[in-house]
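Chemist: Model the structure of this input:
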Amino acid sequence: MSYIAVLGAGAWGSSLAKLLAEKEYDTVIWALEDEVAEEINSRGTNSVYINGVEFPKTLKATSDLSEAVSKARYILNVVPTQHTRSVIEKALPHLEDNAVIISASKGIENGTYLTVSGIINKLTGHQVAVLSGPSFAAEVTRQLPTAVTLSAEDYSTALLLQEIFNTDYFRVYTHHDVLGVELGGALKNVMAVASGISDGLGLGNSARAALITRGLAEMTRLGVSMGANPTTFAGLSGLGDLVLTCSSPLSRNYTVGSQLGKGMTMKEIMEGRKSVAEGVATSKAAYELAGLQNVDMPITEQIYRVIYEDKPAAEAVSDLMNRSPKAEFTGPDA
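Modeler: As a prediction, this is how the structure comes out:
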């Protein structure tokens, strides 16, 4: 069996490591914290990030990055986007020459405006693929039906990885638009914050539906401006993931938005949080990237102002609703 290293022992990394170990792949998971790795090895649990889940006895954990990657044929990166660069840089000297890296992180790096695969491509010469789509860690660990996308430029690699990850409850589709798949997964987190704000303010179901629909329009506009295929955003990594994360408190981004809508400050929300809400950092990168690409992204702009400029959430909603009227599909601002 192939040796697979999962980098990142948060909820999503843990759920994917569990899936791979249950398929009897030789799997190791790297945890930043010594105590998390020790608990996985000694008790088969990870109470810090995904409490109540039991891992197969065959799943091994380590807090030694070089030990995790040194024999790996496949490396699954589930490290938060803003920390991916530093982790891959440290892992790079220990990678096998033929190692394939799969990204399951969803975000855009601040400063460089690179997706996670873009970061990895800049640092390494390894093949890079992307796993994305509507999926909650808690549901995957319970083996509830889930469908995702596996995107790679090389079709044979995509087919091979599809076979590795596919199960009778975790259905994997192949895709070739790596950039579009990643942008969909990253930008939907910003829209999930917006949806949470809307629900936190008690604005109702119609407002949420409008945010999802117009959010998808924003995501597509930015993606197309960067060379992505517009149809990608109608798929699992676009619309599918957007609907999921904009509609459930299981989404960390939605939860952050809901707390903002109820009047909490970002400082209050982030204090004591162990898990990362990728939409917080991505809103800054997406706002700045939209300016560089000359793309109109009004929802993204308002979320940036709420998070980074302490703009009242109700005022942001008012500014969105009072923009000048536009046609839905005609022209560059559609």
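Chemist: Report how many residues lie close to Pro325.
Modeler: Pro325 has 4 neighbours, counted by other CB atoms under 10 Å. C-betas here are computed from N, CA, C, even on glycine.
Chemist: tell me the SS of it?
Modeler: State at Pro325, reduced to three classes by DSSP: H, G, I helix; E, B strand; the rest coil: coil.
Chemist: And Tyr173, by the same measure?
Modeler: Secondary structure, three-state DSSP: Tyr173 is strand.
Chemist: Packing partners of the one helix or strand Lys284 maps to?
Modeler: Secondary structure from DSSP states H and E places Lys284 in helix 278-293. Contact analysis of helix 278-293 by 3 or more CB pairs under 8 Å, 6 or more residues apart in numbering; DSSP states H and E lists helix 81-91, helix 178-200, helix 205-225, helix 252-261, helix 298-309 as its packing neighbours.
Chemist: Need the contact partners of the helix or strand of the chain with the lowest mean pLDDT.
Modeler: Using mean pLDDT, DSSP states H and E, helix 266-270 stands out as the lowest-scoring helix or strand of the chain, at a mean of 90. Residues outside helix 266-270 that contact it (CB atoms under 8 Å, 6 or more residues apart in numbering): 256, 259-260, 280, 307, 310.
Chemist: if you set the cut-off to 10 Å instead, what comes out?
Modeler: The contact list for helix 266-270, computed with CB atoms under 10 Å, 6 or more residues apart in numbering, reads 255-260, 264, 276-277, 280, 306-308, 310.
Chemist: Now the two most distant members of those residues.
Modeler: Taking CB to CB, the two most distant members of the contacts of helix 266-270 are Val276 and Asp310; they sit 20.9 Å apart.
Chemist: out of the two, which sits in the more crowded spot?
Modeler: Ranked by neighbour count (other CB under 10 Å), Val276 and Asp310 place Val276 first, with 19 against 10.
Chemist: rewinding a little: pipe the helices and strands packed on helix 278-293 into a markdown table and attach mean pLDDT per row.
Modeler: Converted to a markdown table, those look like this (pLDDT from 0 to 100):
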| stretch | mean pLDDT |
| --- | --- |
| helix 81-91 | 97 |
| helix 178-200 | 97 |
| helix 205-225 | 97 |
| helix 252-261 | 95 |
| helix 298-309 | 97 |
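Chemist: one step back: quick one: which of the contacts of helix 266-270 is most hemmed in?
Modeler: The most crowded member of the contacts of helix 266-270, judged by other CB under 10 Å, is Gly257 (34 neighbours).
Chemist: Please name the nearest non-neighbouring residue to that residue.
Modeler: Leaving out its chain neighbours, the residue that sits closest to Gly257 by CB to CB, 6 or more residues apart in numbering is Gly196, at 2.3 Å.
Chemist: The one you found and Thr81: what is the separation?
Modeler: Distance of Gly196 to Thr81, given as CB to CB, to the nearest Å: 19 Å.
Chemist: which one of these two has more residues nearby?
Modeler: Neighbours were tallied for Gly196 and for Thr81 using other CB under 10 Å; the higher tally belongs to Gly196 (32 against 26).
Chemist: and that one, what does it touch?
Modeler: The neighbours of Gly196, taking CB under 10 Å, 6+ apart as the test, are 208, 211, 245-249, 251-262, 277, 279, 313.
Chemist: tell me which residues of stretch 85-102 are tucked away?
Modeler: Of all the residues in stretch 85-102, those buried under the rule 16 or more other CB atoms under 10 Å are 85, 87-88, 91, 94-95, 99-102.
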